[in-house]
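>>> build me a structure from this.
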Amino acid sequence: MEYIVKIDRQGRVVIPAPIRKALSLKGDSKAIVRLDGPRIIIEVVDKSLEKRVESWRELALSTKAELFTEDVEESWKWMSHEYAKRKLGLC
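This next block holds a predicted model:
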């Protein structure tokens, strides 16, 4: 499917109804928008994926595990404690 759409002054784009219907998009849907060279890519965020990630995050935080309790092997020294904490959502 390919459509030509207008972009308003605020930069908003209306996704055509056939595409919204095909992807089951509703008013509360979320999307990732990224730039790839001259292209804008819009990817729908799967609601079940969001729920699974959030439940994993809650589980990981509830374990109260200590990060890097042992000496780090030589090959992993490039990853700092701060970087790992940010990636795990602990900061």
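>>> quick one: residues contacting Ile19.
Met1, Tyr3, Leu25 (Cβ atoms under 8 Å, 6 or more residues apart in numbering). C-beta coordinates here come from the backbone N, C-alpha and C atoms, glycine included.
>>> what's the neighbour count on Gln10?
Residues within reach of Gln10, counting by other Cβ atoms under 10 Å, total 5.
>>> from Lys85, how far off is it?
For Gln10, the distance to Lys85 equals 36 Å [Cβ to Cβ, to the nearest Å].
>>> over to Pro18?
Taking Cβ to Cβ, one finds Pro18 at 44 Å from Lys85.
>>> looking only at neighbour counts, state which of these two leads.
Lys85 (13 against 10).
>>> any low-confidence regions in the protein?
For the chain, the stretches flagged by pLDDT under 70 are 67-78.
>>> looking at it, Arg57 is touching Gly89, isn't it?
Yes: at 5.7 Å, Arg57 and Gly89 qualify as touching, with contact defined as Cβ atoms under 8 Å.
>>> quick one, longest helix in this protein?
Taking DSSP state H as the criterion, the chain has its longest helix at helix 47-62.
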